[in-house]
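Asker: Sequence first, then the predicted structure, then my questions.
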Amino acid sequence: MSGRPVVLLLSGPNLDLLGERQPEVYGRETLADHVATATAEATARGLELEHRQTNHEGELVELIHGARGRAAALVVNAGALTHYSWSLHDALAAFDGVVVEVHLSNPAAREPFRHTSVVAPVASGTIAGFGGLGYKLAVAAAADLLAERGG
C-alpha cells in the first residue's frame, strides 16, 4: 500500500464484456481501458485506485462492506443492478465515504426501466452519458469531494 487514500472502483454485471457488448451504446473501449483511465486520474490526484468487477450482486455488496473503514471513496458502475438492487443501495448507505455513481451511457435517455437509480439516493453524485470520459470525471469528482472533506 502506498499510504495514499484508496478509491475503490466497482464494476457490476456484464461490464467485463465492454468493447464487445453493444458497442453502439457502450463504446469500443474495454473495461481495462476504463480502469486505466481511472487509475491515471487517481494517480494524478494523489489517490490509490483499486478495481473489482463481479457479475454477482452479493459479491458486490461484500466488496462494499469490505471497503468500510478502508477506502475513502467508491466509484460505482453497478450496471443493471443500478435500477433494482436494494441490497446494493443499503450497502452503499452504510459506507461513510464518498460515493460516485458512473455510467457510460445516459440511463435517462434509454429504456424507461433505466430511468430510476436506487444508487443515486445514497451517492454523492452521478456522472452519466460521457462514455469513457465518465471514469476520469468520476475519479476527479471523488478527489474533489474528499479534498472538501479534508481527507
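Answerer: Happy to help now that I have it. Note that the coordinates shown come from a computational prediction; the quantities given were computed from them, not determined experimentally.
Asker: Pull out the buried positions in the lengthiest helix in the chain.
Answerer: In the chain, assigned by DSSP state H, the helix with the most residues is helix 133-149. Buried residues in helix 133-149, counted by 16 or more other CB atoms under 10 Å: 134-143, 145-146. Using the backbone N, CA and C atoms, a C-beta is placed for each residue, glycine as well.
Asker: With pLDDT added, can I get those in TSV?
Answerer: What follows is the buried residues of helix 133-149, written out as TSV (pLDDT from 0 to 100):
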residue	pLDDT
Gly134	97
Tyr135	98
Lys136	98
Leu137	98
Ala138	98
Val139	98
Ala140	98
Ala141	98
Ala142	98
Ala143	98
Leu145	98
Leu146	98
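Asker: Quick check, central residue of the chain?
Answerer: Using CA atoms, centre = their mean, the residue of the chain that lies closest to the mean C-alpha position is Val76, 1.9 Å off.
Asker: Ramachandran coordinates for it?
Answerer: phi -120, psi 120 (degrees, to the nearest 10).
Asker: Am I right that it is in contact with Val99?
Answerer: Yes: counting by CB atoms under 8 Å, Val99 is a contact partner of Val76 at 6.5 Å.
Asker: Name the residues contacting each of these two.
Answerer: Listed contacts common to Val76 and Val99 are 92, 119, 123; contacts here mean CB atoms under 8 Å, 6 or more residues apart in numbering.
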